[in-house]
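Undergrad: got a predicted model here, sequence first, then my questions.
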Amino acid sequence: MNITTPFIAACVLLATTQTASSHVVLEEAHAPAGSSYRAVLRVGHGCDGLPTTGISVRLPPGVQGAKPMPKPGWTLSIRTEPLPAPYSSHGKQIDADVAEITWTAGSKEAWLPDAYYDEFVLRAGLPARPGPLWFKVVQTCDDNGRAVQKAWAQVPSEGVSTRGLPLPAALLQVEPAPDDHSHH
């Protein structure tokens with residue numbers, strides 16, 4: 001009996017599974033344009049065996065009014081930036097908005113060990129126009145007191161396939177709203 005072919009197939013499946021689960025990804029990869037979106041960033045492992053001590057997400061242009069969900073044992077920081085074009089929300093003109101959200105473990109006990117996965121959550125409004133949005137994430141890990149970072153920030157030069165990118169950004173496909181009957 002030749003076990004080479006099944007063995008090779010099993011190795012390819014294992015490698016594909018590990019690669020697919022090794023990225024920081026969004027739980028829901030599709031959402032309607034103009035909707036409120038609950039972004040759940042799944043962190044599947046640390047940095048090459050090291051525990052995760054921080055997650056920072058850069059919000060894509062067009063995402064509005066982001067609010068992070070607190071995590072017990074982690075501190076939150078929010079960085080805002082001026083907008084190129086203000087928008088109106090609840091009767092107010094918004095000229096600066098959340099650009100980046102960072103969760104940082106408050107103690108060694110709160111670190112995310114490499115053997116576990118966790119989720120980091122935020123809610124935000126999506127743009128009215130369909131298309132891909134790329135959430136760029138920096139994962140910080142601890143290497144005996146030294147911070148090591150992985151920037152999950154690569155975006156394909158064209159299209160939306162992240163195949164071949166070792167550190168892809170998390171992709172959200174914004175789709176036409178269900179009542180949008182326009183033809184583009």
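TA: Alright, I've got the coordinates. Numbering: from 1, shown residues only.
Undergrad: quick one: residues contacting the residue lying closest to residue 39 once chain neighbours are set aside.
TA: Closest residue to residue 39 apart from its sequence neighbours, by Cβ to Cβ, 6 or more residues apart in numbering: residue 122 at 5.1 Å. In this view, the C-beta of every residue, glycine as well, is placed from N, C-alpha and C. Going by Cβ atoms under 8 Å, 6 or more residues apart in numbering, residue 122 touches 38, 39, 41, 57, 66, 67, 68, 69, 101.
Undergrad: name the element residue 122 belongs to?
TA: strand 118-125 (DSSP states H and E).
Undergrad: moving C-terminal from that strand, which element do we reach first?
TA: Next along the chain after strand 118-125, taking DSSP H and E as the criterion, comes strand 131-143.
Undergrad: look through this structure and tell me its longest strand.
TA: Looking across the chain with DSSP state E, the single longest strand is strand 74-89.
Undergrad: so which bits of that one are buried?
TA: In terms of neighbour count (16 or more other Cβ atoms under 10 Å), strand 74-89 has its buried residues at residue 74.
Undergrad: now it: average pLDDT?
TA: For strand 74-89, the mean per-residue pLDDT is 94.
Undergrad: what is the residue nearest to residue 39 paired to in the beta sheet?
TA: residue 39, residue 68 (DSSP bridges).
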